[in-house]
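**Student:** Here is the input, now give the coordinates:
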Amino acid sequence: MHAPSLVARSTAELLGTYLLVFFGCGAVHVAVLTGDLAGLGQVALVWAIAIMVAVYVFGGISGAHINPAITLALAAWGRFAWKDVPAYIASQVVGAFLAAATLFALFGPMLADRERIKGVERGKPGSEITAMCYGEYFPNPGKFAGGASVYSESDHADYNQLITPTAAFFAEFLGTLILALAVFAMTDERNQCGPAARFAPVFIGLTVAILICVIAPLTQACFNPARDFGPRLLAYVAGWGEIAIPGPNGVGMVNVYLLAPSAGAIAGGGLYTLLLRPTLPGPA
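**Tutor:** Got it, this is the predicted structure:
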């Protein structure tokens, strides 16, 4: 049996990331624009199930990385070929962008109505409350999106002081470190306490869910550069402009949502590969 070609695997990564972002960011749209998903836990559960679906559908073809940070970590620790990394990452970003475009087409009128209710103009300060359906912001601006009260720029400015760029970087670094640690451990055949291969996606998805429950109030819980950048790019071209890229935090977009998850995933993979895996029983 021949292994799938790079084209087939890249296509699977594109489609898998599309599903992940369509369902995950779709849940964010519903929560922000309608309030019909009550509480962070429900949104986190949708993300968890989205991961499970994407991995079960496409994992047999590409491994279902569906995340550039995981792709980089697997390559860094010898579990994936570096030569295939660019194709995987490009496919993941394209899949995320296309999912965001689909959501924009579906929810466009609701986005405009939410901006009307809150008294904000798309592309101007305050429109983070709808742009957050695509790219991510720290602290999470979701508290200003709900209800019928008019948006307060001064209240938001005070709220933004509650988390520094350094704290946001650390939150994303730590969250993705834990995610990568879980991925490496749960997909290692030597780990006798790990879930059976067909159940690993369930526990990886649940790992993401519990991370979202803790970290989303701080940074919206990215852990995935494609999940942020693809939708953020869509928001930029769809009218949010500088609110989307670079965003009100400037270089923080790059540091917190691109570099921190990548570094965290590589660190988490290294923690498992160098410190934990050598202690497992059985042949190396």
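**Student:** Check the offset of the helix or strand where Thr17 lies from the chain's centre.
**Tutor:** Element membership of Thr17 [criterion: DSSP states H and E] is helix 6-33. Chain-centre distance of helix 6-33: 10 Å, with Cα atoms, centre = their mean, to the nearest Å.
**Student:** what residue ranges in this structure score low on pLDDT?
**Tutor:** Low-confidence segments of the chain, defined by pLDDT under 70, span residues 1, 283-284.
**Student:** just the helices in it please.
**Tutor:** For the chain, the helices identified by DSSP state H occupy 6-33, 40-62, 68-76, 85-118, 128-131, 153-159, 165-186, 200-219, 225-235, 252-254, 260-270, in order along the chain.
**Student:** For Gly147, find the nearest of those.
**Tutor:** helix 85-118 (8.5 Å; Cβ to Cβ). All C-beta atoms are positioned from the backbone trio N, CA, C, and that covers glycine.
**Student:** would you list the helices of the chain in TSV and tack on mean neighbour count?
**Tutor:** Written out in TSV, the entries for those read as follows (neighbours: other Cβ atoms under 10 Å):
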stretch	mean neighbour count
helix 6-33	22
helix 40-62	20
helix 68-76	26
helix 85-118	19
helix 128-131	26
helix 153-159	12
helix 165-186	22
helix 200-219	20
helix 225-235	26
helix 252-254	19
helix 260-270	24
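**Student:** Nearest to Ile243, out of those?
**Tutor:** For the helices of the chain, distance to Ile243 was read as Cβ to Cβ. The smallest value, 5.3 Å, belongs to helix 128-131.
**Student:** What helices and strands are in contact with the closest one?
**Tutor:** Helices and strands touching helix 128-131, as assessed by 3 or more Cβ pairs under 8 Å, 6 or more residues apart in numbering; DSSP states H and E, comprise helix 6-33, helix 85-118.
**Student:** want to throw those into CSV with distance to Phe58?
**Tutor:** Formatted as CSV, the entries for the helices and strands packed on helix 128-131 read as follows, by distance: least, Cβ to Cβ, whole Å:
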stretch, distance to Phe58
helix 6-33, 4
helix 85-118, 10
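**Student:** closest to Thr187 out of these?
**Tutor:** If you check each of the helices and strands packed on helix 128-131 against Thr187 by Cβ to Cβ, helix 6-33 wins as the nearest, at 15.4 Å.
**Student:** on contacts alone, who are the packing partners of that closest one?
**Tutor:** Counting contacts by 3+ Cβ pairs under 8 Å, 6+ apart, the secondary-structure elements packed against helix 6-33 are helix 40-62, helix 85-118, helix 128-131, helix 225-235.
**Student:** for the longest one, packing partners?
**Tutor:** The reference is to helix 85-118. Identification of packing neighbours for helix 85-118 by 3+ Cβ pairs under 8 Å, 6+ apart yields helix 6-33, helix 68-76, helix 128-131, helix 225-235.
**Student:** report the angle between the axes of the second one and helix 225-235?
**Tutor:** For the pair helix 68-76 and helix 225-235, the angle between their directions (axes from the mean of the first three to the mean of the last three Cα atoms, to 10 degrees) equals 140 degrees.
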